[in-house]
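K.L.:
Pasting a predicted model and its sequence here:
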Amino acid sequence: ESVCRSQSAVSSSFYTSNREGSRLLSDINPDVDYDRLCQMFFVLDNGLNTKIDRLISKSLSELIKYLPNSYGVLLREVLEGLRLYMIVPNFHMFDNPKYLLNITIPFSIAFLSLPKSSLEQIKKWWTHLERRDFSRWINVFKMAVIELMYATTETNAHNLRIRRDGVSQCLRLLALLYETNYAARRPMVMYSKFYIHEIAKKIPLHKDYIVWLQQGSTTAPEPGSGKMIPFCNYPFVLGPDAKSQLIRLDSKIQMNCAIEEVQMANFASLFVQDASPTIPYLLLLIDRTNITQSALSQLVKVRSEKDYKKPLKIVFIGEDGVDEGGATKEFLMLLMKDIADPKYGMFKAYSETHTLWFNEKSFEDDSMFFLIGVMCGLAMYNFTIIDLPFPLALYKKLLKYSVGLDDVEDLSPTIYKSLTDVLNYTGEDFEDVFMLYFEYHSESYGTPFTVELKPDGSSTPVTIETKESYVDLYIDYLLNKSCDESFTAFSNGLYKVCGHNVLSLLHPNELKDLMIGNENYDFSELESTATYKGDFTATHKTIQYFWEVVNEMSSEEKKMFLKWLTGTDRVPICGMKDIRLYIQSVGGGEQYLPVAHTCFNLLDLPVYKSKEILKQKLHRAIMEPEGFHLV
């Protein structure tokens, strides 16, 4: 009991070495033996009787209550004192929700009361932790937020205020962990490690989002105020389900505003002679033989930014399909495929990664890139996945994240290896081995060209002292300067459609998944969320045959099946459960093929008496040519 209450006793424990002269404590190493810590508290947690457990928790609560927030002036004294903060969260009480009010929350308040210099020191220590030990911090305070959110039966006003404060303080601490994770060159954990999926189930996100929009950026409330700020202020804890809800909400708000404005204008036009009514849609008439030009020629004529907020409707000239989503999906898929064609020269294809990047020698002017940005925005705004294979660097730039060497690897592993070879070489014969100058070399339509990376770069050799500068300038040119005007036009077009506010909540990986989907295929999710109509149930023999055939498909066949079924072979950000497939029985006999209504994710499936016949008919249906017609 006395040991756990004593700051000096706890702070001087668990060194990786017990010999005074060989301690490793420094500004990058808290010198904590986390293996021994974990082992000891595991034993205590599983072998204590209630009385001893109560004594330790009481002592720990007292220790936390009197945690100081400053530790002398000498570096050694400061580090010794702060080391206490690296040990305390490993006590097993932090894993138990019953100690939230008297241990976890008081610790988070004490921690966040530390001066900025002390917090920076602890963040520095965090970057050198093993993944397991860094993850523990995240898990402890995520658990605290979840438990505090679910405490709906609390009636005591004082405790309710403490719980609200606790949520805010734990989120602030998680924010520090998140910042630290991404300050490192390579994050210690994936961004998804911070997700608190329960938020989407427990919190009325529509209210949270509206409050966030009204408040704007705000500082955290003072401890004891009982006030909470919106979860949208901490978007890194919002999982794909939550962010999808928010994006749909934002889109719905903007669409409704655009439609209401049209309705008001049409009403007013009733009192104006010869006034023409305005349609409440962004209607594009598409010539299938010249998709890109027919689309862009109409978008150029859009008079108001507000027109982009209207629901998108596509009509293929000469076809009888009524667009309820399917024609839009097909149009966007064909458009993006056409845009990537080398005949336009807008993008450069990297064969190693099958990705595209802006062509620095494009013949198209910026207005074309603006319109492509508009189309990508319209796709997101209308919840349609497109296949335009940009690397993650594009989405980082859209969200104002910096790009670097790792992003070059996503684009071209060959260029990445060349640059890392330059950085890693330490021999004195560096200049003789590489013979580099401050230049960027590439080619356009088979013609080589050179760009100087700095003034007089063609006559400035890269030395072992200047190699880091060379690599930085090379990356900056490749990912930024070479495409500055094209990217800016593309970004402006996208943001003409999609609001900055809601997209700012996303991580670059999430924006990528939202725009082009992902390849996280899980057909068991598709099967478990399928709905059956007509004569079909989950136990119907034809349905059992159907899923057996689908599950036996190769990976490529499954992608073709998904593309035929939904209009794209990519998976929504929330996974295949979000596709919501409907399968209905149809008459006519076994001679008919299955028919996919991509606009509704609806499958018309005849009743087949054998698995072989179903497999044959399904394969033939999948291989049918593109087209959008009524059935």
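P.N.:
That came through fine.
K.L.:
Could you report the neighbour count for N139?
P.N.:
Close neighbours of N139, defined as other CB atoms under 10 Å, add up to 13. Bear in mind the C-beta positions are built from the backbone N, C-alpha and C, glycine included.
K.L.:
host element of it?
P.N.:
If you go by DSSP states H and E, N139 is part of helix 131-149.
K.L.:
give me every residue that touches K577.
P.N.:
E525, L526, S528, T529 (CB atoms under 8 Å, 6 or more residues apart in numbering).
K.L.:
So among the residues you listed, which ones count as buried?
P.N.:
E525, L526 (16 or more other CB atoms under 10 Å).
K.L.:
Show me where the stretch 101-250 of the chain dips below the pLDDT cut-off.
P.N.:
151-155, 217-228 (pLDDT under 70).
K.L.:
ah, wrong one, I meant the stretch 301-450 of the chain
P.N.:
By pLDDT under 70, the weakly predicted segments of the stretch 301-450 of the chain are 321-325.
K.L.:
Can you show me the strands along it?
P.N.:
Read by DSSP state E, counting those that start in this stretch, the stretch 301-450 of the chain holds these strands, from start to end of the chain: 312-316, 347-350, 355-358, 439-444, 447-452.
K.L.:
contacts for the third one?
P.N.:
Residues from elsewhere that reach strand 355-358 (CB under 8 Å, 6+ apart): 340, 346-350, 369, 388-391, 393, 410-411, 482-483, 486-487, 490.
K.L.:
let's see 7 Å
P.N.:
Contacting residues not belonging to strand 355-358 are listed as 340, 347-350, 388-391, 410-411, 483, 486-487 [CB atoms under 7 Å, 6 or more residues apart in numbering].
K.L.:
Mind telling me the two of the residues you listed farthest from one another?
P.N.:
Greatest spacing in those, by CB to CB: D410 and S486 (18.6 Å).
K.L.:
if you count what's nearby, which of those two comes out ahead?
P.N.:
With neighbours defined as other CB under 10 Å, D410 and S486 compare such that S486 has more, 24 against 18.
K.L.:
buried sites along the host helix or strand of the more buried one?
P.N.:
Secondary-structure element containing S486, defined by DSSP H and E: helix 484-497. The neighbour-count criterion (16+ other CB under 10 Å) identifies S486, F487, A489, F490, S491, G493, L494, K496, V497 as the buried residues of helix 484-497.
K.L.:
How much space separates Y85 from V78?
P.N.:
Distance of Y85 to V78, given as CB to CB, to the nearest Å: 12 Å.
K.L.:
Comparing the two, which shows the higher neighbour count?
P.N.:
Legend: neighbour count by other CB under 10 Å for Y85 and V78, higher for Y85 (20 against 17).
K.L.:
What does the pLDDT read for the more buried one?
P.N.:
With respect to pLDDT, Y85 has a value of 91.
K.L.:
re the thing from before, contacts for the helix holding S486?
P.N.:
Residues lying outside helix 484-497 but in contact with it, judged by CB under 7 Å, 6+ apart, are 305, 308, 358, 362, 366, 369-374, 376-378, 381, 397-398.
K.L.:
Would you show me how to pick out the buried ones of the residues you listed in ChimeraX?
P.N.:
With 16+ other CB under 10 Å as the criterion, this ChimeraX line picks the buried residues out of these:
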select :308,358,362,366,369,370,371,372,373,374,376,377,378,381,397,398
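K.L.:
Helices of the stretch 51-200 of the chain, start to end?
P.N.:
All helices of the stretch 51-200 of the chain, identified by DSSP state H, counting those that start in this stretch, fall at 75-87, 105-112, 116-126, 131-149, 157-183, 198-202.
K.L.:
gap between G575 and G239?
P.N.:
When distance is defined by CB to CB, G575 is 11 Å away from G239.
K.L.:
now do V571
P.N.:
Distance, V571 to G239, using CB to CB: 16 Å.
K.L.:
Q169 is in contact with Y234, correct?
P.N.:
No: under the criterion of CB atoms under 7 Å, Y234 makes no contact with Q169, lying 11.8 Å away.
K.L.:
Those two - which one has more neighbours?
P.N.:
Just comparing Y234 and Q169: by other CB under 10 Å the higher neighbour count belongs to Q169, 27 against 22.
K.L.:
now the more buried one, nearest residue through space, not along the chain?
P.N.:
In space, not counting the residues next to it along the chain, Q169 is nearest to S108; the distance is 4.2 Å by CB to CB, 6 or more residues apart in numbering.
K.L.:
H206 too?
P.N.:
Among residues not flanking H206 along the chain, L249 sits closest, at 5.4 Å (CB to CB, 6+ apart).
K.L.:
Give me the neighbour count for that neighbour.
P.N.:
Here the count is done by other CB under 10 Å, and L249 has 15 residues near it.
K.L.:
isn't it right up against D208?
P.N.:
No: in this structure, L249 is not within contact of D208 by CB under 7 Å, at 10.0 Å.
K.L.:
now L129: how far from D241?
P.N.:
Between L129 and D241 the distance, using CB to CB, works out to 30 Å.
K.L.:
no wait, E590
P.N.:
40 Å.
K.L.:
higher neighbour count, these two?
P.N.:
Applying other CB under 10 Å to E590 and D241 shows that D241 carries more neighbours, namely 18 against 13.
K.L.:
Help me confirm that that one comes into contact with K202.
P.N.:
No: with contacts defined as CB under 7 Å, D241 does not count as touching K202, sitting 11.8 Å away.
K.L.:
before we move on, the earlier item: so which of the helices of the stretch 51-200 of the chain is nearest Y608?
P.N.:
Evaluated with CB to CB, the helices of the stretch 51-200 of the chain place helix 198-202 nearest to Y608, the distance being 39.0 Å.
K.L.:
From the contact counts, what lies against that closest one?
P.N.:
Applying 3 or more CB pairs under 7 Å, 6 or more residues apart in numbering; DSSP states H and E, one finds that helix 198-202 makes contact with helix 131-149, helix 240-269.
K.L.:
right, and the ones you listed - which one's nearest P277?
P.N.:
Across the helices and strands packed on helix 198-202, P277 has its closest neighbour in helix 240-269 (4.7 Å, CB to CB).
K.L.:
helix or strand right after the closest one?
P.N.:
Where DSSP H and E defines the elements, the next helix or strand beyond helix 240-269 is strand 282-286.
K.L.:
where along the stretch 451-600 of the chain do the helices fall?
P.N.:
467-479, 484-497, 500-503, 508-516, 523-528, 541-551, 555-566.
K.L.:
Highest average neighbour count across those helices: which stretch is it?
P.N.:
A comparison of the helices of the stretch 451-600 of the chain by mean neighbour count, using mean count of other CB atoms under 10 Å, puts helix 508-516 on top with a mean of 22.
K.L.:
re earlier: quick one: buried ones out of the contacts of strand 355-358?
P.N.:
If you count burial by 16+ other CB under 10 Å, the buried members of the contacts of strand 355-358 come out as F347, K348, Y350, L388, P389, F390, P391, D410, L411, C483, S486, F487.
K.L.:
can I get those residues in CSV with distance to A275?
P.N.:
Conversion of those to CSV gives the following (distance: CB to CB, whole Å):
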residue, distance to A275
F347, 43
K348, 48
Y350, 52
L388, 40
P389, 46
F390, 43
P391, 49
D410, 53
L411, 52
C483, 45
S486, 40
F487, 41
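K.L.:
one step back: for T542, which of the helices and strands packed on helix 198-202 is the nearest?
P.N.:
The closest of these to T542 is helix 240-269. By CB to CB, the value is 32.1 Å.
K.L.:
still on that earlier bit, just flag the most distant two among the buried residues of helix 484-497.
P.N.:
Among the buried residues of helix 484-497, the pair separated by the greatest distance (CB to CB) is S486 and V497, which sit 18.0 Å apart.
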